[in-house]
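Enquirer: Sharing a sequence plus its predicted fold:
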Amino acid sequence: MSSAMNLSDRAKGVPASPTLAITARVKALKAAGEDIIGFGAGEPDFGTPAIISEAAIESLQNGQTRYAPTPGTPEAREAIAQKLRTENGIDCSAADIIVNNGAKFTIYLALQAIINPGDVVLLPTPAWVSYKPMIELAGGVVREIPAGPDSDFKMTPLQLDEALAAGARALIFNSPSNPCGTMYTPDEVAALIQVIRKHPSIAVIADEIYEQLIYTEAPYCSMASDPEIADRVITINGLSKTFAMTGWRIGYACATDPDGAVIKAMTRLQSQMTSSITSFLMSSIPAALNGAKSDVEMMRRTFAKRAELIHGLIEAWPGVSCPRPTGAFYVFPDVSSTFGRTSPGGVTINGAMDFASALLDEARVAVVPGEGFLGCGPRHVRMSFACSDEDIKEGCRRIARWLSELS
Ligand code: PMP
Ligand code: GLU
């Protein structure tokens, strides 16, 4: 049957987010009463801290239900600027901030603001599934900088230098990384900044959404804390992961380029697209950033323990290697030693997609196959440890048994 309307080439070309698809599938299977252990969802399993919800409820009850300023209320923008100044060492003011409908849309707007058709955007891989489609929706061309488990999935300064020398408009830098679960140390960030200084026309989109969820002694280092490159960095962050607020859809960007051209451009784009975030959620931003620090620390400590637990269990699987997670809530084991083998249910495993699908069907455990993350991703699966200790133990037990039954 033919459709009454022709789809645009743009719509035909864009894939659905595989991470959201697997999350939806697991939720549906669980709702249908199936005994599934889900390592798919990239979202905290905690509730939003009460102080944040109360702020939003109060605003709603006080009638803050009209259109809000497109880039955010002055209070929300100032709270974000203050957070970035004090916690991230970024010299910025409220005028340098825009609040958007989730960090995902913030990245989309940033790319729409600075990328022209044909511009090359450097993407260290493996990388989160949405960067490539968003770069391409802006007309940009993705050039990968591949890294593997031997370097904790981090590009080297030399790789970056070579990629920049070949010409590029922007770099997307995501640390801690989704899907790799590893963070660049301050020394490693400093070495990359040295390279970026040498290439004055490159812009950096620094996705810092997992910046508070880190599990090493090393402190976090923001790209835009370096005064020499700060005016070329668009810092992206949001409330989704740090404050267990994925459904609220609150993200933000900071850019301190001369004249504020980037934030003004993003604001113009947003004014034609979504107008602003939901008005009565604006008050939850200062509430979260100023009032929920102890909740965040409690969640961080819990994630840190789970990181150790899941990594220890995975290390025991024969033939599977996996760097220790140092940030975000993901592990990204290399399962390629199973390729070419046959599952207990008779499926020949020819890649991560087959691995994940047979594992779900036969062991009732959901993981995200690595194909969508590019680079060496197809040899890996992503497991989120944003779930209980019991689920981690039971899920890993099921996987270990399933692995032992491969022929
Ligand atoms: N960046 C990364 C690396 C992510 O994993 C996510 C998760 N969705 C986002 C951005 C977007 O977050 P949100 O839109 O929920 O704020
Ligand atoms: N970022 C999360 C993930 O990778 C949420 C889903 C999405 O937005 O892709 O699972």
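Expert: That came in fine, so what should we check first? Ligands and ions are numbered 1, 2, ... in the order given.

Enquirer: drop to CA atoms for contacts and neighbour counts, all remaining ones
Expert: Noted.

Enquirer: give me the residue from this structure nearest ligand 2.
Expert: Of all residues in the chain, the one sitting closest to ligand 2 is residue 42 (3.4 Å; C-alpha to the nearest ligand atom).

Enquirer: Residue 346 versus the residue nearest to that residue when sequence neighbours are not counted, what's the distance?
Expert: Spatial nearest neighbour of residue 42, excluding adjacent residues (C-alpha to C-alpha, 6 or more residues apart in numbering): residue 384 at 6.2 Å. Distance of residue 384 to residue 346, computed by C-alpha to C-alpha, to the nearest Å: 27 Å.

Enquirer: just residue 224 next, same as before
Expert: From residue 224 to residue 346 the distance is 51 Å (C-alpha to C-alpha).

Enquirer: mind listing what the residue nearest to residue 42 touches?
Expert: Residue 384 sits next to 39-42, 329-331, 367 when contact means C-alpha atoms under 8 Å, 6 or more residues apart in numbering.

Enquirer: before we move on, what about residue 45?
Expert: Residue 45 touches 244, 386-387, counting by C-alpha under 8 Å, 6+ apart.

Enquirer: Could you single out the nearest of those to ligand 1?
Expert: residue 244 (9.7 Å).

Enquirer: tell me which element that closest one falls in.
Expert: For residue 244, there is no enclosing helix or strand under DSSP states H and E.

Enquirer: Quick check: residues of the stretch 151-300 of the chain near ligand 1?
Expert: 178, 207, 209, 238, 240, 246, 249-251 (C-alpha under 6 Å from any ligand atom).

Enquirer: how about 5 Å then?
Expert: Residues of the stretch 151-300 of the chain lying close to ligand 1 by C-alpha under 5 Å from any ligand atom are 178, 240, 246, 251.

Enquirer: What about the last one, how many residues nearby?
Expert: With neighbours defined by other C-alpha atoms under 10 Å, the count for residue 251 comes to 24.

Enquirer: Strands of the stretch 101-250 of the chain, start to end?
Expert: 120-125, 141-146, 170-174, 203-207, 233-238 (DSSP state E, counting those that start in this stretch).

Enquirer: and of the ones you listed, who's closest to residue 352?
Expert: Closest to residue 352 of the strands of the stretch 101-250 of the chain is strand 120-125 (C-alpha to C-alpha; 16.3 Å).

Enquirer: Excluding residues flanking it in the chain, which one is nearest the residue positioned nearest the centre of the chain?
Expert: Among the residues of the chain, the one closest to the centroid is residue 178, at 4.9 Å (C-alpha atoms, centre = their mean). Counting by C-alpha to C-alpha, 6+ apart, residue 128 is the residue found nearest to residue 178 once chain neighbours are left out, at 5.3 Å.

Enquirer: any idea how far the one you found is from residue 141?
Expert: Distance from residue 128 to residue 141, by C-alpha to C-alpha: 16 Å.

Enquirer: what ranges do the helices span in the chain?
Expert: Here the chain has its helices, by DSSP state H, at 9-13, 18-31, 50-61, 74-88, 102-114, 131-137, 157-165, 186-197, 261-273, 284-291, 293-315, 352-363, 389-404.

Enquirer: Those helices into JSON lines, with extra columns for distance to residue 218?
Expert: Formatted as JSON lines, these follow (distance: least, C-alpha to C-alpha, whole Å):
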{"stretch": "helix 9-13", "distance to residue 218": "41"}
{"stretch": "helix 18-31", "distance to residue 218": "29"}
{"stretch": "helix 50-61", "distance to residue 218": "29"}
{"stretch": "helix 74-88", "distance to residue 218": "14"}
{"stretch": "helix 102-114", "distance to residue 218": "25"}
{"stretch": "helix 131-137", "distance to residue 218": "27"}
{"stretch": "helix 157-165", "distance to residue 218": "19"}
{"stretch": "helix 186-197", "distance to residue 218": "7"}
{"stretch": "helix 261-273", "distance to residue 218": "31"}
{"stretch": "helix 284-291", "distance to residue 218": "22"}
{"stretch": "helix 293-315", "distance to residue 218": "14"}
{"stretch": "helix 352-363", "distance to residue 218": "32"}
{"stretch": "helix 389-404", "distance to residue 218": "25"}
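
Enquirer: which stretches of this protein have low pLDDT?
Expert: 1-3 (pLDDT under 70).

Enquirer: Near ligand 1, which residues of the stretch 1-150 of the chain are found?
Expert: So far as C-alpha under 5 Å from any ligand atom goes, the stretch 1-150 of the chain lies against ligand 1 at 102-104.

Enquirer: related to what we said a few turns ago, the residue of the chain closest to ligand 2 touches residue 382, doesn't it?
Expert: No - with contact defined as C-alpha atoms under 8 Å, residue 42 does not count as touching residue 382 (9.7 Å).

Enquirer: before we move on, back to that, ok, the residues of the stretch 151-300 of the chain next to ligand 1 vs residue 360, which is closest?
Expert: Using C-alpha to C-alpha, these come closest to residue 360 at residue 178, 21.5 Å.

Enquirer: Would you list the phi and psi of that closest one?
Expert: phi -100, psi 120 (degrees, to the nearest 10).

Enquirer: Surely it is in contact with residue 130?
Expert: No - at 10.6 Å, residue 178 and residue 130 do not qualify as touching, with contact defined as C-alpha under 8 Å.

Enquirer: any shared contact partners between these two?
Expert: With C-alpha under 8 Å, 6+ apart, residue 178 and residue 130 have no common neighbours.

Enquirer: Good, wrapping up.
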